[in-house]
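> Return a 3D structure for these sequence lines:
(one chain, ligands or ions: 1)
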Amino acid sequence: MTTHALLLLPGDGIGIETIAEVERLIAFFNARSNKGKFTVERDVVGGTAYDAHGVAITDAAMAKAQKADAVMFGAVGGPKWDKVPYEHRPEAGLLRLRKDLDLFANLRPAICYPALADASSLKRELVEGLDIMIVRELTGGVYFGEPKEIVTLENGERRAVDTQLYTSREIERIAKVAFDLARKRGNKVHSAEKRNVMKTGVLWNQVVTEVHKSYAPDVKLEHILADNCAMQLIRNPKQFDVIVTDNLFGDVLSDEAAMMTGSLGMLPSASLGAPDAKTGKRKALYEPVHGSAPDIAGKGLANPIATIASFGMALRYSCDMGAEADLIDKAISSVLDKGLRTGDIMQPGMTQVGTTQMGRAIEAALKALTA
Ligand code: NAD
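Numbers count the residues shown, from 1 in each chain. Below you'll find the predicted structure:
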């Protein structure tokens with residue numbers, strides 16, 4: 001039987017509460033004798049790590065992350081740490097994880113559960129059954145390119161510069177992630193850039209075309225201008241399967257797609273590194289899109305579904321347990337169909353529950369599905 005090593009980093013605020021619900025599901029899967037088992041390590045990150053160790057993540061926790069098959073991350077931050085030195089702010093823990101594990105591919109699914117279709121800002125018929133995967137390049141592009149500065153010119157004006165910069169290697173590796181994913185889904189990739197006005201867009205377009213030809217001719221590829229992609233997402237989102245795009249456009253397009261599906265409390269994500277040359281395994285971190293929600297932290301009100309769905313992604317992409325990941329998705333869907341809602345997704349006539357009740361209901365649904 002395969003054993004998968006998980007590192008749990010709950011972090012701060014509601015991260016602690018939602019990761020506890022993932023622990024419930026880990027125990028559920030470990031109790032099933034015929035499937036893969038999980039070993040679990042735990043550590044602190046963010047403000048909680050700063051309080052304990054004076055840094056947002058320790059070298060010891062980083063060493064555990066390097067060894068793990070998957071890191072399950074909750075959320076970090078909160079007003080308590082607003083004044084800590086910049087280099088030790090809670091987010092520094094997450095940034096170090098992304099950098100040291102070289103997590104260059106950010107996967108953001110936008111899935112609309114039928115029971116929540118009316119909570120979308122778009123009409124039900126546009127979003128019901130929606131299942132898009134946005135693959136965003138996470139470690140390059142304009143957020144990191146140098147020069148990056150604000151200078152004062154001789155005439156006293158100030159000038160700001162950010163540099164959009166991509167190498168063919170960076171584009172090639174993210175394109176391969178998108179094609180690999182598409183093969184397991186609807187077999188279609190849209191590559192979004194701005195080749196009409198940006199040199200990085202021209203190179204992006206060329207490299208994705210080359211990778212398609214040599215690596216994935218079986219997958220349908222369409223190139224789309226990023227601004228048109230933003231428009232089409234609102235007009236007819238179900239035309240998309242996988243969208244691959246750079247760091248900046250991905251930041252915007254993934255938030256746009258996310259909002260079609262309802263609440264922040266429903267949105268999972270994965271960040272993947274390059275496959276290891278020997279084992280083929282990728283470094284990976286899974287986390288909800290939301291933050292530590294200080295306004296509801298500690299009250300048992302947080303929606304755990306984003307974190308639980310992130311665990312589902314860990315099963316799918318790091319543990320080769322696609323069938324179990326499907327079970328988690330079905331369990332979430334069935335609990336929503338029964339009318340259970342946390343406060344953030346509450347609708348008239350439904351039953352409001354807290355974090356633990358939602359976690360327990362999903363566990364019960366899993367038991368029923370596997371009985
Ligand atoms: P947030 O995502 O924490 O909260 C935004 C709003 O959504 C709040 O009203 C919150 O109550 C609600 N919300 C979020 N997740 C929810 C859930 N699972 N269930 C129910 N309601 C939920 O964003 P924010 O308020 O801008 O930031 C709060 C803190 O989190 C800040 O310190 C910020 O820096 C940090 N943050 C961390 C991450 C991360 O760890 N990846 C991401 C975003 C923000």
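> How about the closest residue to the ligand within the stretch 251-371 of the chain: what's its closest non-neighbour residue?
Using C-beta to the nearest ligand atom, the single residue of the stretch 251-371 of the chain nearest to the ligand is residue 291, 2.4 Å away. Every residue, glycine included, has its C-beta placed from N, CA and C. Spatial nearest neighbour of residue 291, chain neighbours left out: residue 75 (5.0 Å); criterion: C-beta to C-beta, 6 or more residues apart in numbering.
> From what I see, residue 196 and residue 226 are in contact.
No - contact criterion C-beta atoms under 8 Å: residue 196 and residue 226 do not qualify, at 10.0 Å.
> Quick check on these two: which one has the bigger neighbour count.
Neighbours per residue (other C-beta atoms under 10 Å) separate residue 196 from residue 226, with residue 226 holding more: 23 against 10.
> before we move on, the earlier item: the residue of the stretch 251-371 of the chain closest to the ligand in helix, strand or coil?
coil (DSSP: H, G, I helix; E, B strand; the rest coil).
> dump the residue contacts of it.
Contact analysis of residue 291 by C-beta atoms under 8 Å, 6 or more residues apart in numbering lists 13, 75, 76, 77.
> and the ligand, which of those reach it?
75, 76, 77 (C-beta under 6 Å from any ligand atom).
> The first one touches residue 288, doesn't it?
Yes - with contact taken as C-beta under 8 Å, residue 75 and residue 288 are classed as touching, separated by 6.7 Å.
> Span of stretch 136-154 from start to end?
Across stretch 136-154, the terminal residues are separated by 39 Å (C-alpha to C-alpha, to the nearest Å).
> Could you do stretch 208-225 as well?
First-to-last residue span, stretch 208-225, C-alpha to C-alpha: 14 Å.
> what does stretch 66-73 give?
14 Å.
> which of the residues in that stretch are buried?
Within stretch 66-73, the residues scored as buried using 16 or more other C-beta atoms under 10 Å are 68, 69, 70, 71, 72, 73.
> Where does the nearest residue to the first one once chain neighbours are set aside sit: helix, strand or coil?
The shortest distance from residue 68 to any residue other than its chain neighbours is 4.0 Å, reached at residue 7 (C-beta to C-beta, 6+ apart). At residue 7, secondary structure determined by three-state DSSP is strand.
> what would the ones next to the ligand among the contacts of residue 291 look like in a markdown table with secondary structure and neighbour count?
Shown next, in a markdown table, are these (DSSP: H, G, I helix; E, B strand; the rest coil; neighbours: other C-beta atoms under 10 Å):
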| residue | secondary structure | neighbour count |
| --- | --- | --- |
| 75 | strand | 31 |
| 76 | coil | 29 |
| 77 | coil | 23 |
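> can you put the residues you listed in JSON lines and add pLDDT and distance to residue 18?
Shown next, in JSON lines, are these (pLDDT from 0 to 100; distance: C-beta to C-beta, whole Å):
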{"residue": "75", "pLDDT": "98", "distance to residue 18": "8"}
{"residue": "76", "pLDDT": "98", "distance to residue 18": "13"}
{"residue": "77", "pLDDT": "97", "distance to residue 18": "14"}
